[in-house]
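> sequence plus predicted model, see below.
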Amino acid sequence: MGKTLLNIFLVLICLGVLLSLLPYAWILFIPAIFLYRRKFREEPLRKKKYTAALGTLSLLSLCAFGYAQASPPDVEKISISPTSNYEMDVNSEYPINIQIQPEDARPKKLELVTDNGLLTLDYSQGESSCLLKSSGKTGETNVCLKTPDGKNSNAIHISVTDKKAEAEAKKKAEEEAKKKAEKEAKQKAEAEAKQKAEEEARLQAEEEARLQAEAQAKQQAEEEARLQAEAQAKQQAEEEARLQAEAAAAQEAEAAAAQPVEQMVWLSATGEKYHRIPNCGNMNPDKARQIPLSQAEGSYEACKNCW
Ligand SMILES: [Zn+2]
């Protein structure tokens, strides 16, 4: 009984070993078929049975070998490169290389693991490369590839930027800065022009005030000079007039002195004679009048008493 169990146990072990060696068992089975055929040449029935059994096992073994050769091994390690940080534009794609160990492992599908939904994976290109595609959003992310049996590759850091939008934003900012600068320059120029105009107006006003004051002063001076000149002229004229009058008076006096003074005689109010004195005889001196002697000599007679 114990021996039987031991036999069964040994057979099971042999089967296990045989199964594990199945892909390579055909190497032994093929010569075995010929050996058995020779050994059981005299027993056609057994020969037939063994040939069929060994043939079947050989075929199985060959099939197992073929399958083992055909099916790729599992992925032991996956890595992606380049590993440096990469900055990609939002409108571009980033090709990355895939290295798989063992080299003949062939993952049918790879999954992209990202921090966010910035990138998608295009694995249709080939087994040793893939494309990372932008989803149209910008930002930063760490990405790695994941095999169907859960092995992760190394991670790489990718920044997604929108260069066109950034360039436009930069251009816009520059244009705004330029406009602002121009506006400020214009305002400054205007303020300076205004200040200058005010300064000029002030200077002009001062100049005008100065000119006016000068003109006024000049006018005043002229007026004063004129008044002074007039006063002087008047004084001079007066002086001249005075001198002239004096001279005339002097001349007159001189002329009077030069002419012999005609002797005056007195006439009574009714008398027909002229007298030397106004109270000669019965004459009323209050009614007596004087006339020159030459005039009296033509019309009157001289008084015998006083003449
Ligand atoms: Zn007389």
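Nice, thanks for sending it over.
> next, residue 282: secondary structure please.
For residue 282, the secondary structure call by DSSP: H, G, I helix; E, B strand; the rest coil comes out as coil.
> what secondary structure does residue 253 sit in?
helix.
> run a quick neighbour tally on it.
10 (other Cβ atoms under 10 Å). Yep, even glycine has a C-beta here, placed from its N, CA and C like the rest.
> distance of it from the ion?
33 Å (Cβ to the ion, to the nearest Å).
> next one: that residue from residue 245, what distance?
12 Å (Cβ to Cβ, to the nearest Å).
> what residues sit buried inside the helix or strand harbouring residue 98?
Residue 98 is part of strand 93-101 when elements are defined by DSSP states H and E. Within strand 93-101, the residues that count as buried by 16 or more other Cβ atoms under 10 Å are 94, 96, 98, 100.
> so which of those is the closest to the ion?
Of all the buried residues of strand 93-101, the one with the least separation from the ion (Cβ to the ion) is residue 94, at 170.8 Å.
> got a list of contacts for the helix or strand bottoming out on mean pLDDT in the chain?
Least confident helix or strand, the chain: helix 22-39 with a mean of 79, by mean pLDDT, DSSP states H and E. Applying Cβ atoms under 8 Å, 6 or more residues apart in numbering, the external contacts of helix 22-39 come out as 18, 47, 50-51, 54-55, 57-58, 60-62, 64-65, 67-68.
> residue contacts, the nearest residue to residue 97 once chain neighbours are set aside?
Leaving out its chain neighbours, the residue that sits closest to residue 97 by Cβ to Cβ, 6 or more residues apart in numbering is residue 81, at 5.0 Å. By Cβ under 8 Å, 6+ apart, the contact list for residue 81 reads 96, 97, 99.
> residues contacting the closest residue in space to the last one that isn't next to it in sequence?
Spelled out, it's residue 99. Counting by Cβ to Cβ, 6+ apart, residue 79 is the residue found nearest to residue 99 once chain neighbours are left out, at 4.8 Å. Contacts for residue 79 (Cβ under 8 Å, 6+ apart) come out as 98, 99, 153, 154.
> number of nearby residues for residue 29?
The number of residues packed near residue 29 is 19, by other Cβ under 10 Å.
> ok, the closest residue to it other than its chain neighbours - contacts?
Spatially, and ignoring its direct neighbours in sequence, residue 29 is nearest to residue 58 (3.9 Å; Cβ to Cβ, 6+ apart). Residue 58 sits next to 25, 26, 29, 30, 33 when contact means Cβ under 8 Å, 6+ apart.
> just among those, which is most surrounded?
Highest neighbour count within the contacts of residue 58, by other Cβ under 10 Å: residue 25, with 21 neighbours.
> before we move on, back to that, okay, the buried residues of strand 93-101 in CSV with distance to residue 158 and pLDDT next?
Formatted as CSV, those follow (distance: Cβ to Cβ, whole Å; pLDDT from 0 to 100):
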residue, distance to residue 158, pLDDT
94, 7, 91
96, 9, 91
98, 16, 91
100, 21, 88
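> tell me the one of the residues you listed nearest residue 177?
Ranked by distance to residue 177 (Cβ to Cβ), the buried residues of strand 93-101 are led by residue 94 at 33.6 Å.
> list phi and psi for residue 160.
Backbone torsions of residue 160, given as degrees, to the nearest 10, read phi -110, psi 120.
> where along this protein do the helices fall?
2-20, 22-39, 44-70, 163-258, 293-299 (DSSP state H).
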